[in-house]
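# let's see this in three dimensions:
(one chain, ligands or ions: 1)
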Amino acid sequence: PGAKYKDPKQPLNTRVDDLLRRMTLAEKIGQMSQIDQENATADVISNYFIGSVLRGGGNVPAADAPPEAWVKMVEGIQRAALSTRLGIPVMFGIDAVHGHGYVYKATVFPHNVGLGCTRDPELAKKIGAAVALEVRATGIPFIFAPCLAVCRDPRWGRCYESFSEDPKLVQQMASIISGFQGEIPTGGWRGAPFIASQHNVAACAKHYVGDGGTASGINENNTVATFHELLGIHMPPYYNAIIQGVSTIMVSYSSWNGIKMHANRFLVTDFLKNKLRFRGFVISDWLGLDRITSPEHADYPLSIKLGILAGIDMVMIPYQYVEFRDDLMTLVQNGTIPMSRIDDAVRRILRVKFTLGLFENPYADTSLVGELGKQEHRDLAREAVRRSLVLLKNGKPGEKPLLPLPKKAHGGSILVAGSHADDLGSQCGGWTIKWQGMTGNNLTAGTTILDGIKSAVVPGTDVVFSENPDAGLIQQNRGRFDYAIVVVGEHPYAETSGDNLNLTIPAPGPAIIQNVCGSIKCVVVLVSGRPLVVEPYIGIIDALVAAWLPGTEGKGISDVLFGDYGFTGKLSRTWFRSVDQLPMNVGDAHYDPLFPFGFGLETKPS
Ligand SMILES: OC[C@@H]1[C@@H](O)[C@H](O)[C@@H](O)c2nc(-c3ccccc3)cn21
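Numbering: from 1, shown residues only. Coordinates of the predicted model:
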């Protein structure tokens, strides 16, 4: 009869044990290797027994490739893996962190900072399930999401990837994992990876642990905290992830009290694997081992020794797969790294692959291509946009509320101004088509905020759009406009490029606010990954809406501005007065925000 590991009727552990004992050291190290797709040729995959490939910065297939092209690319990689002696399928991973953002015409959902403002775990689950279908439409079974960072300082360039500053809210929204992977049956075996079906994907809780607590929000820096603080603030979401059967956990670049997380055996092995009983696999971040030393890659054998002995199971190498294989082989052969550690890593990786059903279904289900960007998913994203918006001001003191706006302008015209009114890329933010995101309207299929406004007003109401209107012109025409909608904010960024110590609204935002709101009743819609400095302008603004990074469904904003739906969102983060106050989080002794955590005005549907 065929080998036991190939028999789906065999118990999982039997399959794992049967396969493991057949593997050579080179094949085991191969399974622990994740390489960037740019160097994932058939020869490399088969000669190095590569276990996983990721979509890194590359651009194959093209930025406007259809799902079929993604399926074809992943299939080629898989075919090479299945041609090896043991035919262990490869696992392709991608950052689907707010929908399948890298893929042309995918539904792009609000980034996590906005989802946190909905405070709705059930919505998070629905989004996770929709994203899983869109990812599977491209033949990919593994995503590097969700980010469970508890961002404690909005100066961090990745704060928008965090659901909240409050660990309890992050724990609630971690339910997105049950959408990605499917809902674990109650009383499911805690800690073991769970994936319900071929319409689900393996998720990755990241970045373990304390990524959102670094000094001044400096990316990849040091999180100073007692163990009690670490457990109280940054660890809780991982309990929820493990209970839901999260398949993988990614280690953070950051350090805890000066110790690199990628070299932290106490937290990765003693605590996560032994105490919390996590039984999926732990993956490094990109060049995570190399960055244990400074300069990075200064002593790769040392990096590998520290990282693997800390408990890392799969290494996102992503290019040095020859050096990694050679150095790790040597470290095992000279006894520095025991074979038992290698076997633990490979056992965990195989457990996830068997649980994913990869051995039975190594290739895409091409009947799913229609799931990509499906209208039903766009409608769900539009609902998420509506519920993520936070109304911070609605009418000046003693004046009646400005929102909801009338769809019919009695003076005949409304003015829409600002750099972010008609910029799909900026409303999506980072991790969209490109790692750093893009500006402009040609990156993918979606609806800008301006599009939404135009489709919301009644015929006869003239929408005048001027990205950066001249102050004089506004003065001359001020009587012409019933009100103005000013849409400004941040341009896309990701990771370190988003680190920012002043958090001012980028120019020409402030000038546009002053020019327009100084003359016309205005609602300012802020498109940003985090709270920004608004106190200097709050007096001249009639209404202020935090829209975060809403994604492709811009109509979600006009739905609420014009009263088809009421504002319900509540701040997932404290809105500071000045950056001098940072870090400042709900529960702090000295807490003097402009708008507190949980704040949000409400309106009724009109
Ligand atoms: O995209 C894979 C992972 C992603 O999942 C992690 O959340 C993130 O920390 C990350 N940074 C890089 C990356 C950083 C610098 C240069 C090139 C790539 C790669 N990655």
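
# need the helix or strand of the chain with the lowest average pLDDT.
Evaluated with mean pLDDT, DSSP states H and E, the helix-and-strand set of the chain has its lowest mean pLDDT in helix 471-477, which scores a mean of 89.

# quick one: strands adjacent to the next helix or strand after that one?
Proceeding C-terminally, helix 471-477 gives way to strand 481-489 as the next helix or strand, assigned by DSSP states H and E. Each strand paired with strand 481-489, and its direction, by DSSP bridges: strand 413-417 (parallel), strand 522-527 (parallel).

# and the shortest one, average pLDDT?
Strand 413-417 shows a mean pLDDT of 97 in the predicted model.

# run the chain-centre distance for that strand.
Relative to the chain's own centre, strand 413-417 is displaced by 33 Å; criterion: Cα atoms, centre = their mean, to the nearest Å.

# give me the residues contacting it.
Contacts of strand 413-417 from elsewhere in the structure, counted by Cβ atoms under 8 Å, 6 or more residues apart in numbering, are 405, 450, 453, 457, 461-469, 474, 480-487, 512, 516, 520. C-betas here are computed from N, CA, C, even on glycine.

# need the residues of the stretch 1-150 of the chain near the ligand, please.
Residues of the stretch 1-150 of the chain lying near the ligand by Cβ under 6 Å from any ligand atom: 54, 57, 95, 144.

# surely the last one touches residue 95?
So that's residue 144. Yes - Residue 144 lies in contact with residue 95 (Cβ atoms under 8 Å); the separation is 4.8 Å.

# need the contact list for the closest residue to the ligand within the stretch 51-200 of the chain.
When Cβ to the nearest ligand atom is the measure, the stretch 51-200 of the chain has its nearest residue to the ligand at residue 144, with 3.4 Å between them. The neighbours of residue 144, taking Cβ under 8 Å, 6+ apart as the test, are 54, 93, 94, 95, 96, 97, 204, 206, 250.

# at 6 Å what do you get?
Contacts for residue 144 (Cβ atoms under 6 Å, 6 or more residues apart in numbering) come out as 93, 95, 204.

# could you dump these to TSV with secondary structure?
As requested, the contacts of residue 144 are arranged in TSV below (DSSP: H, G, I helix; E, B strand; the rest coil):
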residue	secondary structure
93	strand
95	coil
204	strand
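
# filter the residues you listed down to the buried ones and hand me the PyMOL line.
Buried members of those, defined by 16 or more other Cβ atoms under 10 Å, are picked up in PyMOL with:
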select buried, resi 93+95+204
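
# about what we covered before: how near is the residue of the stretch 51-200 of the chain closest to the ligand to residue 312?
15 Å (Cβ to Cβ, to the nearest Å).

# any idea how far the residue nearest the centre of the chain is from residue 378?
For the chain, the residue whose C-alpha lies nearest the mean C-alpha position (Cα atoms, centre = their mean) is residue 97; its distance is 3.0 Å. Distance from residue 97 to residue 378, counting by Cβ to Cβ: 18 Å.

# what residues does this structure have near the ligand?
54, 57, 95, 144, 206, 285, 286, 495.

# if you set the cut-off to 8 Å instead, what comes out?
Taking Cβ under 8 Å from any ligand atom as the contact definition, the chain meets the ligand at 54-57, 93-95, 97, 144, 147, 158, 161, 204, 206-207, 250, 253, 285-287, 316, 318, 435, 495-496.

# that older thread, of the contacts of strand 413-417, buried ones?
Buried members of the contacts of strand 413-417, counted by 16+ other Cβ under 10 Å: 405, 450, 453, 457, 461, 463, 465-467, 469, 474, 480-487, 512, 516, 520.

# what segments of the stretch 251-400 of the chain are helices?
265, 300-310, 321-333, 339-356, 375-388 (DSSP state H, counting those that start in this stretch).

# can you say which of those is packed in most?
Per-residue neighbour counts averaged over each of those give the maximum for helix 375-388, namely a mean of 22 (mean count of other Cβ atoms under 10 Å).

# that one packs against which elements?
Using 3 or more Cβ pairs under 6 Å, 6 or more residues apart in numbering; DSSP states H and E as the contact test, the elements touching helix 375-388 are helix 121-136, helix 555-561.

# burial-wise, tell me which of these comes out on top.
Scoring the helices and strands packed on helix 375-388 by mean count of other Cβ under 10 Å, the most buried comes out as helix 555-561, with a mean of 27.

# same question for stretch 57-77, mean pLDDT?
For stretch 57-77, the per-residue pLDDT averages 93.

# what comes up buried for that stretch?
Using 16+ other Cβ under 10 Å as the test for burial, stretch 57-77 gives 61, 65, 66, 67, 68, 69, 70, 71, 73, 74, 75, 77.

# please state the offset of that stretch from the chain centre?
Shown here is stretch 57-77, whose average C-alpha point lies 21 Å from the average C-alpha point of the whole chain (Cα atoms, centre = their mean).

# what is the end-to-end distance of it?
Stretch 57-77 stretches 17 Å from its first residue to its last (Cα to Cα, to the nearest Å).

# and the contacts of it?
With contacts defined as Cβ under 6 Å, 6+ apart, stretch 57-77 is touched by 37-38, 40, 53, 90, 92, 104, 137-139, 363-364, 369, 372, 433, 435.

# what sits against residue 114?
Shown here is residue 114, whose contacts under the criterion Cβ under 6 Å, 6+ apart are 388, 548.

# buried residues in stretch 434-452, which are they?
Taking 16+ other Cβ under 10 Å as the neighbour-count basis, stretch 434-452 is seen to contain the buried residues 434-439, 441, 443-444, 446-452.

# what about the residue in the stretch 251-400 of the chain that the ligand sits nearest to, neighbour count?
Distances between the stretch 251-400 of the chain and the ligand by Cβ to the nearest ligand atom are smallest at residue 286, namely 3.4 Å. Counted with other Cβ atoms under 10 Å, residues neighbouring residue 286 total 18.

# my read: it touches residue 315, true?
No - between residue 286 and residue 315 there is no contact under Cβ atoms under 6 Å: 10.0 Å.

# got the angle for the helix or strand containing residue 80 vs helix 121-136?
Assessed by DSSP H and E, residue 80 sits inside helix 67-82. Relative orientation of helix 67-82 and helix 121-136, computed by axes from the mean of the first three to the mean of the last three Cα atoms, to 10 degrees: 70 degrees.

# returning to that earlier point: so what's the residue nearest to the centre of the chain up against?
Contacts of residue 97 were listed using Cβ under 6 Å, 6+ apart, and they are 145, 431.

# let me know the pLDDT of it.
Among the per-residue scores, residue 97 holds a pLDDT of 98.

# distance check, it against residue 145.
Counting by Cβ to Cβ, the gap between residue 97 and residue 145 amounts to 5 Å.

# and for residue 135?
9 Å.

# one more: residue 432?
Separation of residue 432 from residue 145 (Cβ to Cβ): 14 Å.

# looking at those two, which is more packed in?
Neighbour totals were compared for residue 432 and residue 145, and residue 432 leads with 31 against 28 (other Cβ under 10 Å).

# could I get the phi/psi values of the more buried one?
phi -130, psi 110 (degrees, to the nearest 10).

# now it, nearest residue through space, not along the chain?
residue 101 (4.5 Å; Cβ to Cβ, 6 or more residues apart in numbering).

# doesn't residue 431 make contact with the one you found?
Yes - at 4.8 Å, residue 101 counts as touching residue 431 under the criterion of Cβ under 6 Å.

# appreciated, that's everything.
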